[in-house]
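Q: Here is my input, please return the structure:
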Amino acid sequence: MKNIINSSRPWFERYEWEEPTVIDYLKAPLSRVVGGKVQGIEGVNHDEFIDLGDGVFSDFGGANNLGYMTPSKSLESKIKTRELWYRRSIGYTEAQKDYLSDLYEDSLVIMHEMHPCDELIFNDLGIEYINVFMSPIRFCKFGSLRSLYSNNTRIAEYFKLHEYSAKKYQFWADYLKMTSLLSAGKVSKRLPIDTCLIIGQCRFDYSKFDFSANRFVQLSDFESEVEAICTSHNKVVYTKHPLSESNYDKEILSKYNIEIISDISSYDLICSSRIKTVAALSSSVLKECEYLGKETHRFFTTFVDMDGKFTNVKRSKLKSESFWNGLLKYASN
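A: Predicted structure coming up:
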């Protein structure tokens, strides 16, 4: 049996919330299945991360202008700075490859939100992994989901055997539409028929990173498409991401007279019959809209590919010994 490693991302310290929600909940069932403690891996202070410097973030005016970085260089600030650097990486040094090889050789690695470059280097080294992402479909009340992918084809097949049912997606989508009826009148008073809703995202959402251009894209990078949407709809409105500290899209929104709505939830807006189209750079909400009967416009890309790569599985299964027992048996056949 391969050594099983339940790992955080290898290049930086963990956030406090990652311990219980991402790492720890897998420890107990995995340990019982393998008859011993499953090895965990902490982040490391690799040489490339010691002194980042403002030049790394030159496209947004340097690290000191990132908004959420603190002058005191607190631990949280350093973690966020390192993670942002990590998300922007498009290549690895030989030293980093050697480090990963020594750390994970002859192991099945379970890692939360692996960077695409992690996958590439693991594939190159022949190291098997399971990549665990938060699912882009998040309206399933009793089915908190995780999106799973493995470069081991047998494990990927096993995930398909436990895939969350499309019928259940539709059930929860219909339930969401029913609960949104309470706000239907409020939306109807504000919006005409044939409205387009643009979903805002955090400024440094890594799903917005353009690896070919080595920068984060923003709504203003797609101005011609925004203009076309404004021309083809009776009205266009915008909702800011709840975790975004400032509305950095406000210049292009103002230019095209796009109203910002902050007093109605995104789901209530999406479920309204007044909304014809939902648009976003790369938001997971666009995947949910497939079950909510809305047309969608994606400006940029899909980070978690649910149609060709990742498989949605209930989070509760990952806490089950029988799930992991079955996976190891299936993979070994």
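
Q: quick one: what helix or strand has the residue lying farthest from the centre of the chain in it?
A: Computed with CA atoms, centre = their mean, the residue of the chain farthest from its C-alpha average is residue 189, at 33.7 Å. Residue 189 is part of helix 184-190, with elements assigned from DSSP states H and E.

Q: which residues sit against that helix?
A: 261, 264, 268-269, 272-275 (CB atoms under 8 Å, 6 or more residues apart in numbering). C-beta: built from backbone N, CA, C; applies to glycine.

Q: residues of it that come out buried?
A: Across helix 184-190, burial judged by 16 or more other CB atoms under 10 Å covers 187, 190.

Q: Can you list the neighbours in contact with the helix or strand following it?
A: Once the chain leaves helix 184-190, the next helix or strand it forms, by DSSP H and E, is strand 195-199. With CB under 8 Å, 6+ apart as the contact definition, strand 195-199 has outside contacts at 219, 226, 229-230, 232-239, 241, 258, 266, 269-270, 274-280, 283, 285-286, 297.

Q: mind listing which of those residues are in strands?
A: With DSSP state E as the criterion, strands contain 235-239, 275-280, 297 from among the contacts of strand 195-199.

Q: In these, find the pair that's most separated.
A: 235 and 280 (17.1 Å; CB to CB).

Q: Looking at these two, which one has more neighbours?
A: residue 280 (24 against 18; other CB atoms under 10 Å).

Q: which residues does the more buried one bridge with?
A: Beta-bridge pairing for residue 280 (DSSP bridges): residue 298.

Q: quick one: contacts for it?
A: Counted by CB under 8 Å, 6+ apart, residue 280 has contacts 198-201, 286, 296-299.

Q: redo that, cut-off 10 Å
A: 197-201, 207-208, 219, 239, 241, 286, 289, 296-300 (CB atoms under 10 Å, 6 or more residues apart in numbering).

Q: Just the buried residues of these.
A: Buried, going by 16+ other CB under 10 Å: 197-201, 207-208, 219, 239, 241, 286, 289, 296-297, 299-300, out of the contacts of residue 280.

Q: Residue 255 reaches residue 220, doesn't it?
A: Yes - using CB atoms under 10 Å, residue 255 is in contact with residue 220, at 9.0 Å.

Q: anything in contact with each of the two?
A: Shared contacts of residue 255 and residue 220, defined by CB under 10 Å, 6+ apart, are found at residue 226.

Q: what residue ranges in the protein score low on pLDDT?
A: By pLDDT under 70, the low-scoring segments of the chain are 1, 9-23, 42-92, 214, 303.

Q: how close does residue 290 sit to residue 278?
A: Separation of residue 290 from residue 278 (CB to CB, to the nearest Å): 10 Å.

Q: Over to residue 232?
A: 14 Å.

Q: The two: which is more packed in?
A: The neighbour count for residue 232 versus residue 278, taken as other CB under 10 Å, is higher for residue 278 (23 against 13).

Q: ok, and the closest non-adjacent residue to residue 7?
A: Take residue 7 and drop its neighbours on the chain: the residue closest to it by CB to CB, 6 or more residues apart in numbering is residue 41, 4.0 Å away.

Q: Tell me how many other residues surround the one you found.
A: Around residue 41 there are 17 residues (other CB under 10 Å).

Q: surely it meets residue 112?
A: No - contact criterion CB under 10 Å: residue 41 and residue 112 do not qualify, at 11.4 Å.

Q: Residue 111 belongs to a strand?
A: Yes - assessed by DSSP: H, G, I helix; E, B strand; the rest coil, residue 111 belongs to a strand.

Q: Double-check it against residue 151; I have them as touching.
A: No - using CB under 10 Å, residue 111 makes no contact with residue 151, being 11.7 Å away.

Q: Overlap in contacts, these two.
A: With CB under 10 Å, 6+ apart as the test, residue 111 and residue 151 both reach 119, 122, 129-131.

Q: now those residues in TSV, with neighbour count and distance to residue 319?
A: Output for the shared contacts of residue 111 and residue 151, formatted as TSV (neighbours: other CB atoms under 10 Å; distance: CB to CB, whole Å):
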residue	neighbour count	distance to residue 319
119	15	25
122	20	25
129	23	20
130	23	15
131	23	18
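
Q: Which ones among those residues lie within strands?
A: Counting by DSSP E, the shared contacts of residue 111 and residue 151 contribute 129-131 to strands.

Q: now those in CSV, with distance to residue 160?
A: Below are those laid out as CSV (distance: CB to CB, whole Å):
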residue, distance to residue 160
129, 17
130, 14
131, 15
